[in-house]
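1. have a look; sequence and predicted model below, questions after that.
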Amino acid sequence: MSDTMEAAYNDLLDRVGRIANVSHAGKLLSWDQQVMMPKEGTPARSQQLSALSAVEHDLLTNDELGALLDELSAADLPGDRRAVVREVRRDHERAVRVPTDLVERISAASSEALTAWREARAEDDFETFAPHLQKLLDLKRRYADHIDPDRDPYEVLFEEYEPCLPLGHAEEVLATLREAVVPLVDDVRASEADLATDAFAGTFDTDTQEALMRDVLDDLGYPWERGRLDAAPHPFSTGTTYDARITTRYDEADPMGALLSTVHEFGHATYTLGLPDDAHGTPLGEARDLSIHESQSRLWENHVGRSTAFWERFLPRVRGRFDIGDVSVREAYEAVNAVDTTNPIRVEADELTYHLHIVLRFEIERDLIRGDLDVAEVPAVWNEKMESYLGVRPETDTKGCLQDIHWSHGSFGYFPTYSLGSVIAAQLFDAADRDIDGLEDSIRRGEVDPLHEWLTDRIHRHGKRFETNELVRQATGDDVAAAAFVDYATEKYGELYGIGR
């Protein structure tokens, strides 16, 4: 590479690093708003986040950055550098189409909507949140229209979270899951199997639950020097390779909800922590978008945290914290894998009904963005779809359309990545099981380093070097598809419920 191209590339990295630092600062302020900020802090926080979003947008749309990208795109660059230019160029080309004032308005509206959502959820009052939801919908439609007025606005917004897989691919995955899961759930309903769903019945104080969460994070190898555990109304993880934080939530009647949530968020955090330190602030040090991010959390939650091998290792830890009697490993396994078609809450859902929760949200937010559904109709449509897909009608909006935080962030197009992540998780775990001798025995012994190392080698260390399908193909040998999850779920729940035997 010529000296001129080397200087241009280094200039690009300097600019991209500044953009990344502003973005990470905004995410840290958002973490604080959800975890620690005083209740009355919203007006100032809205302005702070709005200002940072404007600065980030201005840096990303800078004309000099555009000229650098044009120059470097025409050069013969090595593969890693081509990937960096490709990723920055994608973000730049979308951002230049959107006015800075619209970005500021969306950020401020999201911050205000978050506080309104929390109040509405606490008071079971959708009308408190409705005007904020309407405002965000209007703003996000304008956002999509600026990017491409000739395309489906929902498709444009979906690309914010999964830019490398077409929406049609996601819809095919969701359709395949719906076709496979609905009859499997019907078979579960018809089954006479009596699973140990009450294995963890009782009251479990939150302080001891937190201690148990720290136990499981210790066992999974969470590096406390680069992270922390806190409580939040809606569990999430955020951060960088130097500081990846986890949140969970506690219910005194459901310690397994907190446990599985914590393992899930650990999966997100371990991906963030597995990104290369020396690429921090560049696309090679950033996660490959939300489908892959969700694959990491679902892999650890479902393929590890719900496995018999994990419970052979971890059940004594639970007994050490709580008086649960003589619960066996099999009973613990049944309790954390039981299918509950009466549950209206997504984050508490089992692996099967979870995808019907996703389909419901996907259909509603798609229709909202396309203008085919009015905000005032959301509670009724939500309840109707819940009854149709799962046979349960939420008793309150708090347990219905107000349960998720995503729309208060303006995150329309996010939900399909959850199901995409689940199918990718099944593909990755299958491949890891083929490659790692005695993987199940390693998990049983509490030795998870081989799985960490495999995931780091196949996924984490690449950052955004490859696009989603190529990354999955290189890791597993196959394109992104639902078949591995369908096979896994059919075998697992067939054994649990005596289906097809």
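-> Good, I have the coordinates.

2. show me what stretch 386-403 is in contact with.
-> 117, 120-122, 124-126, 129, 182, 341-347, 353, 356-357, 359-360, 364, 378-379, 382-383 (C-beta atoms under 8 Å, 6 or more residues apart in numbering). C-beta here means a position set from N, CA and C on the backbone, and glycine is covered the same way.

3. nope, stretch 140-160 is what I meant
-> By C-beta under 8 Å, 6+ apart, the surrounding residues in contact with stretch 140-160 are 94, 97-99, 102, 106, 167, 170, 365-366, 369-371, 410, 412-413, 416.

4. from these, list the buried ones, please.
-> Arg94, Val98, Ile106, Leu167, Ala170, Glu365, Arg366, Ile369, Gly410, Phe412, Gly413, Pro416 (16 or more other C-beta atoms under 10 Å).

5. outline the domain layout of the protein.
-> Following automatic domain parsing, one finds the domains of the chain at 3-124, 167-497.

6. deepest-packed of those domains, please.
-> When those are scored by mean count of other C-beta atoms under 10 Å, the highest mean neighbour count falls to domain 167-497 (a mean of 19).

7. can you give me the first-to-last residue distance of it?
-> End-to-end distance of domain 167-497 (C-alpha to C-alpha, to the nearest Å): 34 Å.

8. residues making contact with stretch 440-449?
-> For stretch 440-449, the external contacting residues (C-beta under 8 Å, 6+ apart) are 219-221, 304, 307, 309-310, 312-314, 433, 436, 450-451.

9. I misspoke; the intended subject was stretch 214-223.
-> Among residues not part of stretch 214-223, those counted as contacts by C-beta under 8 Å, 6+ apart are 224, 229, 246, 259, 262-263, 266, 269-270, 273, 300, 304, 313-314, 317, 321, 446, 448-449, 452.

10. restricting to C-alpha, output it in CSV.
-> Once non-C-alpha atoms are left out, stretch 214-223 reads as follows in CSV (Å, rounded to 0.1, in the frame of the first residue of the first chain):
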residue,chain,number,x,y,z
ARG,A,214,-22.7,-14.0,41.0
ASP,A,215,-22.1,-17.8,41.5
VAL,A,216,-23.2,-18.6,38.0
LEU,A,217,-21.2,-15.8,36.5
ASP,A,218,-18.2,-17.0,38.4
ASP,A,219,-18.7,-20.5,37.0
LEU,A,220,-19.1,-19.3,33.5
GLY,A,221,-15.9,-17.2,33.7
TYR,A,222,-17.2,-13.7,33.7
PRO,A,223,-14.3,-11.3,34.3
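
11. now do it: distance to the chain's middle.
-> Its chain's average C-alpha position is 20 Å from that of stretch 214-223, according to C-alpha atoms, centre = their mean, to the nearest Å.

12. let me see the mean pLDDT of it.
-> Averaged over stretch 214-223, pLDDT sits at 97.

13. and stretch 132-143, C-alpha only, in PDB?
-> Extracted as PDB, the C-alpha positions of stretch 132-143 are listed here (Å, rounded to 0.1, in the frame of the first residue of the first chain):
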ATOM      1  CA  HIS A 132     -44.800   8.700  23.000                       C
ATOM      2  CA  LEU A 133     -45.100   5.600  20.900                       C
ATOM      3  CA  GLN A 134     -47.000   7.600  18.200                       C
ATOM      4  CA  LYS A 135     -44.300  10.300  18.200                       C
ATOM      5  CA  LEU A 136     -41.500   7.700  17.800                       C
ATOM      6  CA  LEU A 137     -43.400   6.000  15.000                       C
ATOM      7  CA  ASP A 138     -43.800   9.200  13.200                       C
ATOM      8  CA  LEU A 139     -40.100  10.100  13.600                       C
ATOM      9  CA  LYS A 140     -38.900   6.600  12.600                       C
ATOM     10  CA  ARG A 141     -41.100   6.600   9.500                       C
ATOM     11  CA  ARG A 142     -39.500  10.000   8.500                       C
ATOM     12  CA  TYR A 143     -36.100   8.400   9.300                       C
END
